[in-house]
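Participant: Sharing a sequence plus its predicted fold:
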Amino acid sequence: MADGGRTPAQIEADIVRRRQELAVTLDEIGVRLHPKTIAGNARASARQAVDRTAGRAYVTVNRVISSVRGELVAEDGSPRMERVVPAAIAAVALVALLAGRSSKRKKKK
């Protein structure tokens, strides 16, 4: 018993156990490095990033809408015509400008 008082059977059992542990470890590495696993992890990561971005955008849009609503609607829910009319005129002018630019581009082609 030169190996710390262990018998050959104990050493052999230890070798078998370590081989099994190594096999499990290699299987785990194989799963982690498999292209489908890597692609799935990348998709999940991208999905989380899109969800975070969409969530932030939703909150921002809600804030802007609330702010605009606060500017255009009085406390009692009636429209503030002194603010609605200039905003509507600006919107119509912007649409007309964009439509004019679009038609000019089509004529150039």
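Facilitator: Cool, the structure landed.
Participant: what about Val73, how many neighbours?
Facilitator: 14 (other C-beta atoms under 10 Å). (C-beta placed from N, C-alpha, C; glycine too.)
Participant: Look up how far Ala90 lies from the residue nearest to it when sequence neighbours are not counted.
Facilitator: Nearest residue to Val73 in three dimensions, chain neighbours excluded: Pro79, at 6.0 Å (C-beta to C-beta, 6 or more residues apart in numbering). Relative to Ala90, Pro79 is positioned 16 Å away (criterion: C-beta to C-beta, to the nearest Å).
Participant: Check what pLDDT Lys109 gets.
Facilitator: pLDDT, Lys109: 62.
Participant: and Ala57, which of the three is it?
Facilitator: helix (DSSP: H, G, I helix; E, B strand; the rest coil).
Participant: contacting residues for it?
Facilitator: For Ala57, the contact set (C-beta atoms under 8 Å, 6 or more residues apart in numbering) is empty.
Participant: how far away is it from Arg63?
Facilitator: 11 Å.
Participant: which residues do those two both contact?
Facilitator: Joint contacts of Ala57 and Arg63 (C-beta under 8 Å, 6+ apart) do not exist.
Participant: okay, now the residue nearest to Val73: neighbour count?
Facilitator: Neighbour tally, Pro79, other C-beta under 10 Å: 11.
Participant: so for the host helix or strand of Arg18, what's the average pLDDT?
Facilitator: Here Arg18, judged by DSSP states H and E, is contained in helix 8-33. Helix 8-33 shows a mean pLDDT of 95.
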